[in-house]
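**Student:** Just the structure for this:
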Amino acid sequence: MTSKPKERKGKPCTELPSVLFVLQEYLGDSVKISLPKRHNPFLNEEIKLVYPTDSLMSWTSENVPEGAIPETSVNFPFCVHDEIVNEQVVLYLIPLKNPVVTWNDDRLNHIPTLSVMLATNKTANFLGAEIYVVQLKYDHHRSPLSIEIKENGQFHRDRINEGLAYKHSYRLQDTVNIEGKPYRLDSLDTGMENLYLHPVVETGAAYIPDVHLAKLLPYFSENNEYLVLDFWGTWCAPCIEALPHLQELYSSSKEEYDFLSICFDRPENFDKAKEIFSEHGVAWPQLLDNQQARKSTISRGLNVSNFPTYMIIDRTGEILYSNYGTEGFEGLKKFMVSE
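**Tutor:** Residues are numbered from 1 along each chain as shown. The predicted model follows:
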């Protein structure tokens, strides 16, 4: 008796694309960057971003505004068990400043000016997790390896829960938590066929640096041991929309938890931040975190890059909880009820 060959559900890996095409177009007072579907047939839809030309010419790595270059999520093809599987990958489409092609060169309007090659695209299984290893190559220069981990059908994201820290993207030598246990991402072999991990001693709790803790301690009341931090900005519509829900949580827990909102924004928007709090009748204090002070901000010091982000800390500076967005708020409520 012979068994039927396993039916293939996806496309074979021989059809895996090796290049991501990015088109940059000069539109006079602006520059459009797009991922054209005709060049990237695996995309669900064409992705377009537009940047003011004047801003692009003045931006450097030191002064580019926070959030000016947004995350772009695409369903990127991977080879999994000899079949093509699309998984969500986050990219940053950074405007090209090429000294050979000038802003007035018509070629910018007609051809892809930047192609990103896949230098590495691997997947592996470890315990109950799937590990994705991606390395892109730009103009013959390879970017660092990006390692993403998927457990229970969900990719890791930047958060701290029950003393365990997770990130949306890891590098070699990082410590990762898989099934609640820490492992070190040691190395890849030369053929990039094997990723080596080994168990490590428990990494311990995450703590806020003393320089930032000193700014937060005055917001603990005499009787409460925990402080809820709400990172937001006047430019963040989801942050403002979440305020009524945060007020409900404050009303039901203020006997045990103190609250502090940290507005990460430009100084010219601080009056607007105060107006928003006044309009919503927010009772807890807020700390104004200058977005333009690139090194001394609490938000950057605590690696907050998603808004709104919610944290719970104690008087020692231990970060008991950290997560962002709707999931972060639901987790915050669950954490506070369980304590």
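**Student:** so where do the helices sit in the stretch 1-150 of the chain?
**Tutor:** Ranges of helices within the stretch 1-150 of the chain are 53-58, based on DSSP state H, counting those that start in this stretch.
**Student:** what stretches of it score poorly on pLDDT?
**Tutor:** In the predicted model of the stretch 1-150 of the chain, residues 1-10, 18, 28, 55-68, 80-81, 90, 92, 94-121, 135-144 satisfy pLDDT under 70.
**Student:** what's the neighbour count on Glu50?
**Tutor:** One correction, residue 50 is Val, not Glu. Val50 is flanked by 11 other residues according to other CB atoms under 10 Å. Bear in mind the C-beta positions are built from the backbone N, C-alpha and C, glycine included.
**Student:** Which strand residues bridge Ile84?
**Tutor:** Beta-bridge partners of Ile84, counted by DSSP bridges, are Cys79.
**Student:** Asp174 and Leu127, how far apart?
**Tutor:** The spacing between Asp174 and Leu127, counted by CB to CB, to the nearest Å, is 17 Å.
**Student:** Revised request: answer the last question for Lys254.
**Tutor:** Distance from Lys254 to Leu127, counting by CB to CB: 41 Å.
**Student:** Next, the distance between the ends of stretch 27-43.
**Tutor:** Stretch 27-43 has its terminal residues 24 Å apart, counting by CA to CA, to the nearest Å.
**Student:** Give me the contact list for it.
**Tutor:** Outside stretch 27-43, the residues that touch it by CB atoms under 8 Å, 6 or more residues apart in numbering are 17, 20-25, 45-54, 56, 72, 74-77, 86, 93, 95, 112.
**Student:** now with 7 Å?
**Tutor:** Under the criterion CB atoms under 7 Å, 6 or more residues apart in numbering, residues 17, 20-25, 45-53, 56, 74-75, 77, 86, 93, 95, 112 lie in contact with stretch 27-43.
**Student:** which of those are buried?
**Tutor:** 20-25, 47, 49, 51, 56, 74, 77, 93, 95, 112 (16 or more other CB atoms under 10 Å).
**Student:** and the helix ranked longest in the chain, what's its mean pLDDT?
**Tutor:** Taking DSSP state H as the criterion, the chain has its longest helix at helix 325-338. Averaged across helix 325-338, the pLDDT comes to 87.
**Student:** tell me what it is packed against?
**Tutor:** Helix 325-338 sits against helix 243-253, strand 309-314, strand 319-324, with contacts defined as 3 or more CB pairs under 7 Å, 6 or more residues apart in numbering; DSSP states H and E.
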